[in-house]
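J.: Got a predicted model here, sequence first, then my questions.
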Amino acid sequence: MIPLSHLLTVSIGLFAIGLFGALSRRNAIGILMAIELILNAAALAFVAFNAYGIPAADRDAALGQTAALFIIGIAAAGAIVGLALVLAVYRHQRTIFADDMHLLKG
Amino acid sequence: MPLPLIPLLPLAAFLLNILVGRRLGAASAWVSVAAVAGAAALSVRTFLTVAAGHAVAWPAPGAGTWLPIGGDAFRLGLVADPMSATMLLVVTGIGALITLYSIGYMHGDPRYSRFFAYLSLFTAAMLLLLLADHFLLLFVGWELVGLCSYLLISFWFENPAAADAGKKAFLTTRLGDAGFLLGLFLLYTTTGTLRFSDLAAVAHDPSPWLGVAAVLLFCGAVGKSAQFPLHVWLPDAMEGPTPVSALIHAATMVAAGVYLVARTFVLFEHHPAALQTVAVIGGITAFGAATIAVTQTDIKRVLAYSTISQLGLMMLGLGVGSTTAGFFHLVTHACFKALLFLGAGSVIHGAGAQEVGQLGGLWRTQRVTAVTFLIATLAIAGVPPLAGFWSKDELLAAALHHGHGVLFLVGAATSALTAFYMGRLFLLTFAGTYRGHGHPHESPAVMTVPLALLAVASVVVGLPGSPWGGHAFQRFLGEPHPPAPDLAVMAFSTVIAALGLAAAGWRYGLNRPLLPAGLRAALAPWQRAAAHTYYVDELYDRWIIRPVLAATRGAFRADQRLIDGAVNLVGTGTLAVSRLKRWVDAVLVDGAVNGTAALVGGVGSLARRLQTGVVQHYLLLAAAGAALALAVALTRGGL
Amino acid sequence: MTDAWLLTVLSPMARAAFYLLAAVTLAGALGVTLTRNLFHSALWLAVTLLGVAGLYLYLGAEFLAVVQVLIYVGAILVLLLFGVMLTARIADPAVPALNRHALLAALVALCTGWALRLAVRQAAALPAGPVAPVPLETLGRGLVTTYVLPFEVLSLILIGALVGAVVIARPERRS
């Protein structure tokens, strides 16, 4: 049996890579993709914990998977809005590079 | 008969004339004449009382005080003793005649009544001076006559020369008066008294300060009697009306100095050094003034220097130790000098000029004036048996008998010169032909009558002091042993008088040169110096007046600089403070404000750099922050 | 089903499968972030998502695995692909994939990862082994009883997102 920490390691790794991508991808959609990674990492962690008996109470036995479901839902909503935003920006500024989106520059 | 009435009558005349004189008009003069005549009458009565042996004093002993301080020392009053009684006669007598004379001389003057007011004030002050039995009272009179002298000299003050002369007289005599006051202070602090009657008692005090006091008192006399070196005011004082010159500057006021020394003689007696000073000053003055008188061309100037010279002789007489000699000459001089001045006034009035260059030949047109002038000339020259001879002779004798050979010679030389210059004056004025451009005529009776009366006086007034009069005068004055008549000196005096007159006659009457050409050339520089009064005025101007004025200007400038400096200092100080404040305001306050704004702006600008607008940067920071927080929380011991 | 699962879990092959899946997932993740070509990046994302689905399977969450594939890969990824397509410049080799702060980002990511790992290490006691998988029925019941509120809210969020996306991405009016 795989210790929980291994699974968590995978989750953490995924999170880290996703964070890295979110911070450093030039393409806006690339950033969105990286964010999907992060969300997946979180969901994975949830499911992992759930599979290993946390939470233990009967009522919350499916909390982990439920959470993962919700995460997927949220991810979808996020992707929708994000994409819409990218398209809107693209239409205006003719760019999809995050670096060039600095209209809100103070 | 109260003594105060004597000075009070003229004082009343003064008040009347000064207040309502304008309305009285011509009558104001007669008010003054009446007052002084009344005083004269009272003086005669006083004199007779004193002559009978009773000294008259007021207030009666034991009553009356003036200054409530100092107790006994400041009990003031009046006293008439032989000396003052004589002077009373002189002053009131001559004063009355001169006042009468002034009616004619000042006729038509716009300030007619004021003249008589001043004249009366002067008479009152002089009488007070004479009657005082206390130094302080004498000083009051002293100052008052000085004031009147100033007022009368600059009577025609529109003339700047007259105004200046008045100031000069006042200031110069003031200088002497400063010494007088110092002497008074010294006398009081040394002896504790200022009464004349106490002088005899305290004179024995061996303190040398008394000698100093005596010299200081003499300073006052030097000023008042125009002795060297304070003689410079008297010639200039001739700017005043001639009656003023006659009364004040010939007969009376200038005699006050001599009177003072005579009064306080007992002090001088005990301090030979002081006495010697008096004699020497007198000698220098007598001779020097005589040499100047020889060169002058203005009648009044000649007479002025003559007065100075004669006063010097009086001082000389006192200085060699003979009060009677000096005093005697005082009395006789008053008569003939007043006559000479009034005569000069008559000449000025009649011929319209005072420079001898404009005169001459007036014997024909102004006979009375000429005759009286001649009598006075002979008297002053010392021709016996006129008054001047007796008094001058006594002076010379006193000098000789008291062992002052040099002073005797000085006196003799002065007498010779006196005869010479007076003869010169007479001849230049009355002899020869008229050189002027006017119409010389004799003066009115109101002027010539006094002349005649004074001429009579000039003849007879010497007799009571002469051996023929039994030296009555001297004995009257209290001299226990009148000098035995010294025939040698008498002959000598006569000879020098004759020589002087003869020389004048030779030179100015016959117009023959007096001195050989060589001697004349040798003496020429001396003659020039004498004609310029030995440059005394110039010396004073250069060495005293100008430095003092320069000092005052310097002081003024320094003061100004001080004040200006202070003001400027305040100004610059205020400016500096305001500049400081501005700096503070600009740098500190504004700096604080601006600095704060700049700081905020700067911080804002810095912080602004965070707002790149690029989302990833924000995210980066957030992630970094979160990671850091997480790390810190974890390393610190658990979440 | 339970027995079969237990058998599967205990099997060393299963263990190997885990490591494989883990590797694939992580590799896919790297691919997503590092690929220059955005399309390829999307494909790598697909790989990663599938990997995660596999991990779900391994963990006994079959429903979730299916949902993952259906929704994530089937819908979201497609959406992303649409986006990629619509915004051209996908095959520009000159444009680098990462921006200037890549290194810093890597550092931050590493730190975060390390911090999280620390947290995991510090955990008092991790459960030793897996437990019986949660039956689907529990999940379903939970969704409509305990978690009905989040469920409904999620549906609202989705609607909102849809509406919002339409509003945002709408072409501008010509009025």
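T.: Yep, it's here.
J.: On the three-state scheme, the one residue sitting closest to the centre of chain A is what?
T.: The residue lying closest to the centre of chain A (C-alpha atoms, centre = their mean) is A:Leu39, at 2.3 Å. Classification of A:Leu39 using DSSP: H, G, I helix; E, B strand; the rest coil returns helix.
J.: Now do the contacts for it.
T.: A:18, A:71-72, A:74-75, A:78 (C-beta atoms under 8 Å, 6 or more residues apart in numbering or on different chains). Every C-beta, even on glycine, is put in place using the N, C-alpha and C of the backbone.
J.: Among those residues, which ones are in helices?
T.: Per DSSP state H, helices hold the following members of the contacts of A:Leu39: A:18, A:71-72, A:74-75, A:78.
J.: now, which of those lie close to chain C?
T.: A:18, A:72, A:74-75, A:78 (C-beta under 8 Å from any C-beta of the partner chain).
J.: mind listing the helices in the chain by residue range?
T.: Picked chain A for this. So, for chain A - with DSSP H - the helices run A:4-24, A:28-51, A:63-93.
J.: actually it's chain C I care about, not the one you picked
T.: For chain C, the helices defined by DSSP H cover C:2-10, C:12-34, C:38-58, C:62-67, C:77-86, C:102-122, C:136-144, C:148-169.
J.: can you tell me if the second one touches chain B.
T.: No - figure legend: helix C:12-34 not in contact with chain B (C-beta under 8 Å from any C-beta); closest approach 12.9 Å.
J.: between that helix and helix C:38-58, how big is the angle?
T.: Interaxial angle, helix C:12-34 versus helix C:38-58 (axes from the mean of the first three to the mean of the last three C-alpha atoms, to 10 degrees): 150 degrees.
J.: wait, does helix C:12-34 contact chain A?
T.: Yes - if you take C-beta under 8 Å from any C-beta as the test, helix C:12-34 does meet chain A, through C:15, C:18, C:22, C:25-26, C:29-30, C:32-33.
J.: Report the buried residues of that helix.
T.: C:17-18, C:21-22, C:24-26, C:28-34 (16 or more other C-beta atoms under 10 Å in any protein chain shown).
J.: ok, back up a step: kindly indicate which of the contacts of A:Leu39 lies nearest chain B.
T.: For the contacts of A:Leu39, the residue nearest chain B by C-beta to the nearest C-beta is A:Gly18; the value is 10.9 Å.
J.: was I right about that closest one contacting A:Leu32?
T.: No - if you go by C-beta atoms under 8 Å, A:Gly18 and A:Leu32 don't touch, sitting 11.0 Å apart.
J.: Show the backbone phi and psi for B:His441.
T.: Here is the backbone geometry of B:His441 (degrees, to the nearest 10): phi -140, psi 160.
J.: Now do the contacts for it.
T.: B:His441 neighbours (C-beta under 8 Å, 6+ apart): B:350, B:365-366.
J.: For B:Ala351, see how far away it is.
T.: 8 Å (C-beta to C-beta, to the nearest Å).
J.: list residues touching both of those two?
T.: B:365-366.
J.: B:Ala524: how many residues sit nearby?
T.: Other residues within reach of B:Ala524, judged by other C-beta atoms under 10 Å in any protein chain shown, total 10.
J.: and what of the one 5 residues further on?
T.: If you count neighbours by other C-beta under 10 Å, B:Ala529 ends up with 14.
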